[in-house]
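>>> let me see the structure of the following:
(chains A and B)
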Amino acid sequence: MRLSGPSQYGPVFKNGTHTGGGGLTVLFVKNSVGHPRLGLAIAKKHIKFATGRNKIKRIIRASFQARQSQLGSVDVVVLSRKEITKRSAAQLQSTLDKHWQTVITQWEK
RNA sequence: UGAGACGGCUAAACAAUCGCGGUGCUUUAGUGCUGAGGAAAGUCCGGGCUCCAUAGGAUAAAGUGCCAGAUAACGUCUGGGAGGCGUGAGCCUACGGAAAGUGCAGCAGAAAAUAAACCGCCUAGUUUGAUUUGUUCGGCUUGGUAAGGGUGAAAUGGUGCGGUAAGAGCGCACCGCGCGGUUGGUAACAAGCGUGGCAUGGUAAACCCCACUUGGAGCAAGACCAAAUAGGAGGGCAGCUUGUGGUAACACAGGCAGGUGUGAUCCGCACCGUCCUCGGGUAGGUCGCUUGAGGCGUAUGGUGACAUACGUCCCAGAUGAAUGAUUGUUCUCGACAGAACCCGGCUUAUGGCCGUCUCAGCUU
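As a prediction, the model looks like this:
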């Protein structure tokens, strides 16, 4: 489910395909595990307080879980951007849905 | 009812389904248990713990600063004293030293520190002044005077009476202050007695002096396991052949091989044993990591902070970092905010509820 350690994060950062927008950047790459795995990187620089960071992580995890069955064996890392402070929770969910869709279509190819 | 002071409690509730971090049990898919805060925050103090060191003394630097107690310790807390603020409940205070030394004080004001005569008040002298001819007023000179005016945050004790030419601790009373006993109190201090005639202006959150405290770095502390690579130590085995020595193991000398680089290739040139063990410690992993100056209850001691005894409970332990989503019901429609080694405080942010007390108004 979860990515852990530089050995698992490293390949995604190096070879991952980018999609972005809406205050988030999504990197993804195929893996050999057979199920999707999620990693999060929400910068303290962008969101100052810990509660705010936790909220965004929860939103991303929830939407990831909802789409989990549709995603193939992919490692995904979601990064925060500066504009994320301007986005509401509902906006984030819709943009995440878009990003998952692009990941699915890319993976099917 | 309004305004206020102090203290305590709480952190939407319940149910279902799907998930997440720990952990146990069967066993590889289920299931049980459990899972953020009052501030987890700021990182401002104090400890524990760990390593470096061996800290005995002195100096520097930093901090603390009424007294007594609590505590592992503190700059925290409790009780007391003093001063200040408020009608009051209550609240606030870096609250040691200015007769060890140095420094500082804008404007105003005559003068701001070995005090000082601007206006004024008073004595004496003087007079081409005025004049109601006076023991008057004015000018000038000489002294005396800090009572009054004015300036200032602050002007060398305050008020009153006596006293005096006018004044003045010059004298007296009371208050304040200094010094010395006495009494009460562990002490800070208070009360009262005697005495001095009034001294030491302010500023130490200016330097400074005095007393006390502090070794440094921090869980990325630190301990252990440990791939790979380079270098290190020890040991085993070290191609073929000729000669010499030796019984032999082996040693010495020569020749031929082997690998890598250079290069299209050959020659040439340069470089090179191999395996094991130890040590080392990188990536990575494990521990540290949650049973603790612990919580809750009762009793006892203490004004209290707190201590002691007994009983009882186990209450997050992640590491790109766990609490969410959906549905239903209810209400006052939910603030500030997320553990990261652990405790004791302080400070700051913040929704709601309750109690006690004070002041004002109204009713009885």
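>>> tell me if stretch A:51-65 is near RNA strand B.
Yes - Stretch A:51-65 lies within reach of RNA strand B by C-beta under 7 Å from any atom of the strand, at A:51, A:52, A:54, A:57, A:58, A:61, A:62, A:65. The C-beta positions use only the backbone N, C-alpha and C, and glycine is treated the same way.
>>> same deal with stretch A:76-84?
Yes - against RNA strand B, stretch A:76-84 shows contacts by C-beta under 7 Å from any atom of the strand at A:77, A:79.
>>> where is pLDDT lowest across the residues of stretch A:51-65 next to RNA strand B?
Of all the residues of stretch A:51-65 next to RNA strand B, residue A:65 carries the smallest pLDDT score, 80.
>>> burial check on that residue, number of neighbours?
Counted with other C-beta atoms under 10 Å, residues neighbouring residue A:65 total 11.
>>> list the buried ones in whichever strand or helix holds it?
Assigned by DSSP states H and E, residue A:65 belongs to helix A:50-66. By neighbour count, with 16 or more other C-beta atoms under 10 Å as the criterion, the buried positions of helix A:50-66 are A:53, A:56, A:60, A:63, A:64.
>>> closest one of those residues to RNA strand B?
Proximity of those to RNA strand B (C-beta to the nearest atom of the strand) peaks at residue A:53, which lies at 7.9 Å.
>>> ends of stretch A:42-52, what's the gap?
Start and end residues of stretch A:42-52 are separated by 10 Å (C-alpha to C-alpha, to the nearest Å).
>>> which residues does residue A:32 contact?
Contacts here follow C-beta atoms under 8 Å, 6 or more residues apart in numbering; on that basis residue A:32 touches residue A:73.
>>> helix, strand or coil: sort out residue A:32 for me.
Classification of residue A:32 by DSSP: H, G, I helix; E, B strand; the rest coil places it in coil.
>>> near RNA strand B, which residues of chain A show up?
A:1-7, A:9-10, A:13, A:38-41, A:49-52, A:54, A:57-58, A:61-62, A:65, A:77, A:79.
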